[in-house]
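Undergrad: Below is the structure, and that's it, no one-letter string:
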């Protein structure tokens, strides 16, 4: 599905996604260097390129509208990632507060931008930022709506797919009304262990290096997607286009990724 760029947004899930459990060899702290590989428009037949590229509500088109890629296009970005054992069953999980803070501050080149992180289970995170440090994001809310994992046996690559709604809240010029941006996207992280010698993996050791990639599938909001599904009015030739009335067409447009960003990172174990 990743190779086919086939990751439509899911609107309804039967239950809340459980916390992602990672392979044991990911436990520890890693120094990462991220590089941008480019972007593609997987549905040019549906989204007019000129209009799409001028649509500021697309995740990634403004800074901090993608927490994990807060300044799209940057390369050589250094940050840290941490994975630790969960209390109780000992499963390896991501240190979300640490990781999100590290990645956001690194991509924005803004040390100390995140003042605090609030976790409400695995599916909601609130980042409170220092005033003026994150334009458009005095508070950033992340809602995790879907998740899926897979392990490729041939080389040990672990795939972690998560779908988020990100809401950025900021100060407004209108008293009592917050400025708000809403962004939907799916993140697909991959982690491939790089073993130092054939015997290291066979002996059950832990890798000292990883190769990671991040693919971001960014979706339009339904009200914006409606403008892309618009057609000329038969009752008013030459007049402005009107959105198609069919709900299925609108949902399909907002469910398909408008743009796909790709990055990769080299990770080295530090702890």
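TA: Done, it's in. The shown structure was predicted, so the numbers you read here are calculated from the model rather than taken from an experiment.

Undergrad: Read off the pLDDT value for the nearest residue to residue 123 once chain neighbours are set aside.
TA: Among residues not flanking residue 123 along the chain, residue 144 sits closest, at 4.3 Å (Cβ to Cβ, 6 or more residues apart in numbering). For the C-beta atoms, the positions are set from N, CA and C on the backbone; glycine is no exception. As predicted, residue 144 sits at a pLDDT of 96.

Undergrad: Give the bridge partners for residue 144, please.
TA: Residue 144 has these beta-bridge partners by DSSP bridges: residue 164.

Undergrad: Could you check how many residues crowd around it?
TA: The number of residues packed near residue 144 is 20, by other Cβ atoms under 10 Å.

Undergrad: Now for it: which residues touch it?
TA: Shown in contact with residue 144 (Cβ atoms under 8 Å, 6 or more residues apart in numbering): 17, 122, 123, 124, 125, 162, 163, 164.

Undergrad: Can I get the buried part of these as one ChimeraX selection?
TA: Listed next is the ChimeraX selection for buried residues among the contacts of residue 144, using 16 or more other Cβ atoms under 10 Å:
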select :122,123,125,162,163,164
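
Undergrad: As TSV, the contacts of residue 144 with secondary structure, pLDDT and distance to residue 8 would be great.
TA: Shown next, in TSV, are the contacts of residue 144 (DSSP: H, G, I helix; E, B strand; the rest coil; pLDDT from 0 to 100; distance: Cβ to Cβ, whole Å):
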residue	secondary structure	pLDDT	distance to residue 8
17	coil	93	17
122	helix	94	23
123	helix	96	20
124	strand	97	23
125	strand	98	24
162	strand	96	15
163	strand	95	10
164	strand	96	15
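
Undergrad: for the contacts of residue 144, which one is nearest residue 260?
TA: residue 163 (14.1 Å; Cβ to Cβ).

Undergrad: ok, back up a step: please identify which of the contacts of residue 144 is nearest to residue 96.
TA: Closest approach between these and residue 96, by Cβ to Cβ: residue 125, at 5.9 Å.

Undergrad: From residue 98, how far off is the closest one?
TA: Applying Cβ to Cβ, to the nearest Å, the value for residue 125 to residue 98 is 12 Å.

Undergrad: now swap in residue 194 and tell me
TA: The gap separating residue 194 from residue 98 is 23 Å, by Cβ to Cβ.

Undergrad: got it, and residue 71?
TA: Remark: distance between residue 71 and residue 98 (Cβ to Cβ) = 20 Å.
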